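[1] pasting the structure only:
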């Protein structure tokens, strides 16, 4: 059995136990009345049907999982705008005119070089096992989270749970800005909300399994505005697919440098990285991480500058 398969089995095996342990501090609350918002019940029922323990989930949700329909409204607004409104003209910003300019300063590049040197065994192992060079892996970590200094200011559990709960247009319509009384826009928005809620449910379940495998309270995991986590800002499903226990301590922790380094390398190989790639092929692999040409240019430029100082 492969390492990934073993990790998935481990996650499933310890899920109920780990959630119970992680939420032990809330054990004094009655499970049947642990959360006060009845709107969570259908979501919890579905999670329970997928194998999670109800009492443990209720204790987790009693810890302050906040329902924010505005998150889905923002996502659906973006989808409606993309479909019904003219695309903006292509950006002609240079890196120095963009938000990526911060990562090009000598001091920031030097910090990435130090990070590579301090974690050289992890980088060497990742390159040997998966292929991508240290400077490219470090460039992703720098651009995504400033080498772990900024891990997101949201609660990943609340974000994904709110998205998973927001499958109906009526619930998010008061927060939307793009409907404009247009029935076609409303129909598309209703479809988009249902589609993104299904996606979020899968990510929520993956987050809970990630937390269980790491024996961590899922409520304690910080994330981005749409639930990406860790130094490498993986969505939880990508943690399941590409996460690697880089330090071989028996736990996948995307907030640990060795695990994040190996996981990025695994992700890049899984999206087409191979030896002796052309520049165009490399750009395509980097683009898979974030569908932005400016992002690709930023990561590759940062990687070049790190390599020049290693």
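    Happy to help now that I have it. Nothing here was measured: the structure is a model prediction, and the numbers come from that model.
[2] Just the buried residues of the helix or strand harbouring residue 264, please?
    Residue 264 is part of helix 257-270 when elements are defined by DSSP states H and E. Across helix 257-270, burial judged by 16 or more other CB atoms under 10 Å covers 257-269. (Glycine included, C-beta is placed from N, CA and C.)
[3] Looking at those residues, which one is closest to residue 181?
    Nearest to residue 181, judged by CB to CB, of the buried residues of helix 257-270 is residue 267 at 42.6 Å.
[4] pretty sure residue 83 contacts residue 189?
    No. Residue 83 lies out of contact with residue 189 (CB atoms under 8 Å); the separation is 9.5 Å.
[5] rewinding a little: which member of the buried residues of helix 257-270 is positioned nearest residue 76?
    residue 267 (27.3 Å).
[6] List the contacts of the spatially closest residue to that closest one that is not a sequence neighbour.
    Nearest residue to residue 267, sequence neighbours excluded (CB to CB, 6 or more residues apart in numbering): residue 242, at 4.2 Å. Residue 242 makes contact with 234, 263, 266, 267, 270, according to CB atoms under 8 Å, 6 or more residues apart in numbering.
[7] Rebuild these as JSON lines, extending it with pLDDT and distance to residue 91.
    JSON lines is the format used below for the contacts of residue 242 (pLDDT from 0 to 100; distance: CB to CB, whole Å):
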{"residue": "234", "pLDDT": "97", "distance to residue 91": "26"}
{"residue": "263", "pLDDT": "98", "distance to residue 91": "30"}
{"residue": "266", "pLDDT": "98", "distance to residue 91": "31"}
{"residue": "267", "pLDDT": "98", "distance to residue 91": "26"}
{"residue": "270", "pLDDT": "97", "distance to residue 91": "29"}
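[8] Quick check: what element follows the top helix by length along the chain along the chain?
    Within the chain, and with DSSP state H defining each element, the longest helix by residue count is helix 183-213. Later in the chain than helix 183-213, the nearest helix or strand by DSSP H and E is strand 222-223.
[9] and that next one, what's its mean pLDDT?
    Per-residue pLDDT over strand 222-223 has a mean of 96.
[10] Ok, stretch 299-308 next?
    98.
[11] now stretch 100-112
    97.
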